[in-house]
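**Student:** Return atomic coordinates for the entry below.
(one chain, ligands or ions: 1)
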Amino acid sequence: MRPVLVFLSALCLLATGSAQQPASFSKEVQKYVRVQAPKVILTHVRIVDGTGHVAVEDQNVVLEGGKISAMQPGADVAASKETAVLALKGYTVMPGIVGMHNHLFYIARPNLDSQHHGEEPLLVPQMTFSAPRLYLANGVTTMRTTGSVETYADLNLRREIDAGHLPGPHIDVTGPYLEGADSYFIQMNQLHNPAEAKQFVDYWADRGVTSFKAYMNIQRAELKAAIDEAHKRNLKVTGHLCAVTYKEAAELGIDDLEHGFFVNTQLDPEKKPDVCSKGEGVPTLKAMAPDSPEAKDLIDTLVKHHVAITSTLPVFESGGIPGRPPLRPAMLDALSPQAREAYLYEREKPVKEETTSSSPADTTNDDWPMLIKRDMELERAFSAAGGLLLAGPDPTGDGGVVPGFGDQREIELLVEAGFTPVEAIKIATWNGALYLGRQDQIGSIAVGKNADLVVIKGDPSTRIRDIENVEVVFKDGVGYDSQKLLESVRGRYGEY
Ligand SMILES: [Zn+2]
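**Tutor:** Numbering: from 1, shown residues only. Okay, the predicted model is just below:
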């Protein structure tokens, strides 16, 4: 049963919007708009403002022209032709999530069977229909694609969303992966020398991508050339690295490193310069206790070079890892039949015996609870040392991590890591805005900022699981109906 928001809405289009608001919305987008009026007042709501401060009870929040125009002590207000009022006693508003590892694709494993055998090559189909709706429905109002496969589709999607023709969040479109030789992925370009890396960055920056991501097999010379060229154009570079270690990348000037501390290879046995190790970072994580000199030295280096770390905990708890909760029914509902089947195969695969060549070296599923805990400890230590920790789900294959739902799960896992709920929400909102250089517009709830807000039933500042109860998502002052967006993609994620 859906709770009812009491409001009288004047469903008229704004004559003059803010810079972010489209002049009008297509019929397709209007289907999902629940609140739109020249003035919107959220009354008697609890505010979690995204700065890490304690929640403030019983406030009115006023939205006008796509911005937050006032915040006042809670009071009853009458709706009028020009003013929509949402009575939100028992609800919380927080800033829209700034998702920093939010792909617009799915990874398909052709002919996967119940023995977890598939056939090559891995394929990466676009989720241009389902992913943007899943993100927005679940409270993500700004996201970075963190590596693209169909970059033109992502660029055009951003344009269509910003024009009001399609529903979805604001998008930082990351260019195609900067990858070296021997990629897992047949859809990725392979760079051979620094000149190619420079040319690649220029080509995609000219076409409108706003960030870059380096991938596992890129070598130091190409990574350096790409970083230097991107920086010349004021664009940032992140990486899911393997052939290059975290310390090496920090010294080359990278801006961000993906996957917490899971994919640093500096202590992997037989690690050779510029070659991805068999363990892909797992042996280093196993060896790097948070109070060890190696951990301290690494964190010092990252902080000194202002390298952010993106926590992507959901992707590491997906699959058949012991002690992890079952998938949420609403997530299963979003999956296509094929994606659901792949997910169930993954969950059912034998735990103990599974040490195939496709797993990181000599790691069984039984090791993963310890590895997740170790990574959480390192993320906490990095944050405590002044490092900028970002959050994203990394929705990929096997259905264990789904856009939007995964962003919420990431916040829950940050709380499991030891952050307070308001600190975890800050990491997923304010920190992302700061990294993107958009902290004056988004990432927290304050007068003058863009009205990108998530309305949640309950109180995630005391029960973080309440973050799953998203009711309405405001983007630039327009409220989207979470359930309607979810219904529109039921059974689609994994298909298109
Ligand atoms: Zn990823």
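**Student:** mind checking the SS state of the nearest residue to A287 once chain neighbours are set aside?
**Tutor:** Taking CB to CB, 6 or more residues apart in numbering as the measure, A287 lies nearest to L267, with 4.7 Å between them; neighbours along the chain are not counted. The way it works is simple: take the backbone N, C-alpha and C, and place the C-beta from them, glycine included. Using DSSP: H, G, I helix; E, B strand; the rest coil, the structure places L267 in coil.
**Student:** do you know how far L267 is from E317?
**Tutor:** As judged by CB to CB, to the nearest Å, L267 and E317 stand 23 Å apart.
**Student:** How about A308?
**Tutor:** Shown here: A308 relative to E317, a distance of 22 Å by CB to CB.
**Student:** So which of these two has more stuff around it?
**Tutor:** Between A308 and E317, counting by other CB atoms under 10 Å, A308 is the more crowded of the two (22 against 18).
**Student:** Please tell me the pLDDT value assigned to the more buried one.
**Tutor:** In the prediction, the pLDDT value recorded for A308 is 99.
**Student:** got a list of what it touches?
**Tutor:** T238, D255, D256, L257, G387, L388, L389, L390, N431, Y435 (CB atoms under 8 Å, 6 or more residues apart in numbering).
**Student:** Restricted to helices, list those residues.
**Tutor:** Secondary structure assignment by DSSP state H places N431, Y435 of the contacts of A308 in helices.
**Student:** and the contacts of A308, which of them are in strands?
**Tutor:** By the criterion of DSSP state E, membership of those in strands covers T238, D256, L257, L389, L390.
**Student:** now for the residues you listed, which pair is the farthest apart?
**Tutor:** Pairwise distances among the ones in strands among the contacts of A308 were taken by CB to CB; the largest, 13.4 Å, belongs to T238 and L389.
**Student:** Now for those two: what residues contact both?
**Tutor:** Going by CB under 8 Å, 6+ apart, residues that sit against T238 and also against L389 are A308, T310.
**Student:** Thought L378 was touching A417, still the case?
**Tutor:** No - between A417 and L378 there is no contact, the gap being 9.7 Å when judged by CB atoms under 8 Å.
**Student:** Pull the contacting residues for the closest residue to R144 other than its chain neighbours.
**Tutor:** Taking CB to CB, 6+ apart as the measure, R144 lies nearest to D172, with 4.1 Å between them; neighbours along the chain are not counted. Taking CB under 8 Å, 6+ apart as the contact definition, D172 lies against T142, M143, R144, T145, T210, S211, L436.
**Student:** where in this protein is pLDDT low?
**Tutor:** When residues are selected by pLDDT under 70, those of the chain lie in 1-20, 350-365, 399.
**Student:** Looking at it, which helix is longest?
**Tutor:** Longest helix of the chain, by residue count under DSSP H: helix 368-384.
**Student:** and it, what does it pack onto?
**Tutor:** Under the contact definition 3 or more CB pairs under 8 Å, 6 or more residues apart in numbering; DSSP states H and E, helix 368-384 sits against helix 282-287, helix 293-304, strand 308-311, helix 313-317, strand 389-391, helix 405-416.
**Student:** Put together CSV for those, with distance to I97 on each row.
**Tutor:** Written out in CSV, the entries for the helices and strands packed on helix 368-384 read as follows (distance: least, CB to CB, whole Å):
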stretch, distance to I97
helix 282-287, 26
helix 293-304, 24
strand 308-311, 13
helix 313-317, 13
strand 389-391, 8
helix 405-416, 5
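**Student:** So for A342, which of the ones you listed sits nearest?
**Tutor:** In this view, the helices and strands packed on helix 368-384 are compared for proximity to A342 by CB to CB, and helix 313-317 is the closest at 14.5 Å.
**Student:** Please point out which parts of that closest one sit buried.
**Tutor:** In terms of neighbour count (16 or more other CB atoms under 10 Å), helix 313-317 has its buried residues at L313, P314, V315, F316, E317.
**Student:** Quickly note the distance from the last one to R409.
**Tutor:** As for E317, its distance to R409 is 8 Å (criterion: CB to CB).
**Student:** Mutual contacts of the two, please.
**Tutor:** Common contact partners of E317 and R409 (CB under 8 Å, 6+ apart): none.
**Student:** Which residue ranges of the stretch 151-300 of the chain form strands?
**Tutor:** Listed from the start of the chain, the stretch 151-300 of the chain has strands (DSSP state E, counting those that start in this stretch) covering 170-172, 211-214, 236-239, 256-258.
**Student:** Out of these, which one sits most buried?
**Tutor:** strand 211-214 (a mean of 28; mean count of other CB atoms under 10 Å).
**Student:** other SSEs contacting that strand?
**Tutor:** In this structure, strand 211-214 packs against helix 220-232, strand 236-239, with contacts taken as 3+ CB pairs under 8 Å, 6+ apart.
**Student:** Would you mind pulling the contact partners of that strand?
**Tutor:** Contacting residues not belonging to strand 211-214 are listed as 144, 146-147, 172-175, 177-179, 201, 204, 223, 226, 230, 235-241, 244, 249, 254, 258 [CB under 8 Å, 6+ apart].
**Student:** go on, stretch 48-60?
**Tutor:** For stretch 48-60, the surrounding residues in contact (CB under 8 Å, 6+ apart) are 41-47, 70-75, 77, 92-95, 421-423, 425-426, 429-430, 443-446, 459-462.
**Student:** Could you pick out the buried ones from the residues you listed?
**Tutor:** Judged by neighbour count, with 16+ other CB under 10 Å as the criterion, the buried members of the contacts of stretch 48-60 are 41-47, 71, 74, 77, 92-95, 421-423, 425-426, 429-430, 443-445, 459-461.
**Student:** Out of these, which sit inside helices?
**Tutor:** Using DSSP H, the subset of the buried ones among the contacts of stretch 48-60 located in helices is P421, V422, E423, I425, K426, W430.
**Student:** would TSV of the residues you listed with distance to N469 be doable?
**Tutor:** Putting these into TSV (distance: CB to CB, whole Å) gives the following:
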residue	distance to N469
P421	14
V422	17
E423	20
I425	14
K426	20
W430	22
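**Student:** Tell me the one of those residues nearest R324?
**Tutor:** In terms of CB to CB, no member of these lies closer to R324 than P421, at 20.0 Å.
**Student:** quick one: that closest one from Y152, how far?
**Tutor:** Look at P421 and Y152: by CB to CB, they are 39 Å apart.
**Student:** Could you report the neighbour count for E28?
**Tutor:** 13.
**Student:** In contact with it: list those residues for me.
**Tutor:** Counted by CB under 8 Å, 6+ apart, E28 has contacts H165, L166, P167.
**Student:** Does the last one touch V29 like I think?
**Tutor:** Yes - taking contact to mean CB under 8 Å, the distance of 5.1 Å between P167 and V29 places them in contact.
**Student:** So for the two, which sits in the more crowded spot?
**Tutor:** Here P167 and V29 are compared on neighbour count by other CB under 10 Å; more neighbours surround P167, at 25 against 20.
**Student:** for that one, what are its contacts?
**Tutor:** Contacts for P167 (CB under 8 Å, 6+ apart) come out as E28, V29, Y32, P132, R133, L136, I161, Y480, L485.
**Student:** now E150
**Tutor:** By CB under 8 Å, 6+ apart, E150 lies in contact with F105, Q126, T128.
**Student:** Got the phi and psi for the second one?
**Tutor:** Backbone torsions of Q126, given as degrees, to the nearest 10, read phi -70, psi 140.
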